[in-house]
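> Dropping the sequence and predicted coords here.
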Amino acid sequence: MFEAPLDAWYVWLGLAAVSATAAGVVTAIPAAPPPDATGAAETVDAVAVSEHATIDERPLPNAEAVRVGADSLSLRGPGGTAHARFGYGPVTPATADERLEAVLLGTPPERVFASPKAFERAASAARRDRPQWTDTDRLVVRRVTWEGTDVVLVG
C-alpha cells in the first residue's frame with residue numbers, strides 16, 4: 001500500500017544520490033591513520049623528567065615530517081596531521097642549529113660549544129625560533145647537563 005513503485009523516476013533518482021554520497025564518503029576516508037603525536041610527546045616528557053642525562057629515540061611509522069616547538073610538537077603523514085603538547089618543558093628544538101643537532105645526536109657539548117653559556121644562548125635562541133617542518137621518520141630526544149646548563153634537545 002505504501003510501497004514506491006520501482007519504475008518511478010524519483011526512486012531511481014534517490015538511489016543514484018545515495019550511491020554517489022556513499023562513494024564520496026568511501027573515497028574521503030584516509031588510507032592510513034594519523035601519526036601518534038601523543039606517544040611522541042610522552043617520549044619527550046619521559047626524557048624531560050629524568051634526573052640524569054638521557055637519550056631516547058622513537059620511530060614515527062605514520063609520519064613523514066615533524067615540527068617541534070618549545071611546548072608542543074606536530075606530526076604530518078599520509079593520514080593527516082596530529083598535534084600534542086608537552087607536559088614538561090620548555091624543550092629545545094635542535095634541527096635548525098647544526099651545533100645543537102650534533103649534541104642531540106651524541107656529540108658532547110664541550111666539543112661543539114666554547115662554554116656552557118654559549119650552549120645556553122644557542123638553546124634559548126632555538127626555543128624562540130618559529131618551529132619548522134623537518135622530514136623524518138624518527139624522533140630523537142636527549143637531556144644534556146653541562147656545568148649547570150640543563151637542556152632537553154628534540155629533533
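In hand now; what should we look at? Numbers count the residues shown, from 1 in each chain.

> so how many other residues sit close to residue 126?
Residues lying near residue 126 (other C-beta atoms under 10 Å) number 24. Every C-beta, even on glycine, is put in place using the N, C-alpha and C of the backbone.

> That one in helix, strand or coil?
helix (DSSP: H, G, I helix; E, B strand; the rest coil).

> isn't it right up against residue 96?
Yes. With contacts counted by C-beta atoms under 8 Å, residue 126 reaches residue 96, the gap being 6.2 Å.

> Residues touching the longest strand along the chain, excluding its own?
The longest strand of the chain (DSSP state E) is strand 138-146. Strand 138-146 is contacted from outside by 40, 43-44, 47-48, 50, 52-60, 66, 73, 91, 103-106, 109-110, 116, 119, 150-155, using C-beta atoms under 8 Å, 6 or more residues apart in numbering.

> next one: stretch 87-102
41, 44-45, 48-49, 68-71, 103-104, 112-113, 122-123, 125-127, 129, 131-132, 134, 141, 151-155.

> now stretch 103-115
Against stretch 103-115 from outside (C-beta under 8 Å, 6+ apart): 55, 94, 99, 102, 116, 119, 122, 140, 142, 144, 146, 149, 153-155.

> pLDDT (mean, whole number) over it?
For stretch 103-115, the mean per-residue pLDDT is 94.

> what about this protein, any weak spots by pLDDT?
Along the chain, segments meeting pLDDT under 70 span 1-9, 12, 25-31.

> where along it do the helices fall?
Along the chain, counting by DSSP state H, helices occupy 9-28, 37-48, 98-104, 109-112, 116-128.
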